[in-house]
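In: My questions are about this predicted structure, shown below with the sequence.
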Amino acid sequence: MSVLSAVPFAEVQGSLALDLAPYLEAEPVAPTGTAARHEVGPDADVVPIDRRERAETERWARHIVQAALEVVGGVRPSSQLVRWLSPTVYADLRRRTHLLALASMREPERAHPVRARLQTLHASYPTPGVLEAAARVRHGQRSRAVAARFERRADRGWVCTALDFA
């Protein structure tokens, strides 16, 4: 069996535990009259989004992207994100963590000397139940881009279905 095909599970997550319990318990917010409107696509379709729901969703997306950066940097175990990532994204994140560890000659899931920090996240909602985000990440003196796509699933809530590091 390949190392990447096995999905480890840790019952105790340690000091960097990813606390997303409020997002699990929160009921979807019903749209109100305070909807934000975003122009999408060449035809400028309008998708109404409740402001409170948008703020919560974007805050959650920031947590997931920062946690993914910490996984790649060896600060956080990848098992903490298994519930929030699709199997493909999870396998790619593990592969990237392993390759970066080999390139920097350190053990996988051991801290890299320079930690990446999420600076900004810009979100768009191309269709209901889909959030696409572009993030700027500061890594030492350099800035890098990360793109992510989150989809709302009935059985799991929001799940990251694409994560691309530039």
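Out: Alright, I've got the coordinates. Residues are numbered from 1 along each chain as shown.

In: the helices in this structure, which residues?
Out: Using DSSP state H, the helices of the chain run over residues 21-25, 51-72, 87-103.

In: any idea of the angle the strand of greatest length in the chain forms with helix 87-103?
Out: Longest strand in the chain, counting residues (DSSP state E): strand 142-153. Angle of strand 142-153 versus helix 87-103, following axes from the mean of the first three to the mean of the last three CA atoms, to 10 degrees, is 160 degrees.

In: still on that earlier bit, redo the helices of the chain as TSV? Include distance to residue 131, mean pLDDT and mean neighbour count.
Out: C-beta: built from backbone N, CA, C; applies to glycine. Below are the helices of the chain laid out as TSV (distance: least, CB to CB, whole Å; pLDDT from 0 to 100; neighbours: other CB atoms under 10 Å):
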stretch	distance to residue 131	mean pLDDT	mean neighbour count
helix 21-25	13	55	10
helix 51-72	6	93	19
helix 87-103	14	90	16
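
In: Could you say which one of those comes nearest to residue 156?
Out: helix 21-25 (9.6 Å; CB to CB).

In: Below-threshold pLDDT in this structure: ranges please.
Out: Along the chain, the model assigns pLDDT under 70 to residues 1-48, 106-113.

In: again, only this time at 50
Out: Residues of the chain meeting the criterion pLDDT under 50: 1-15, 28-46.
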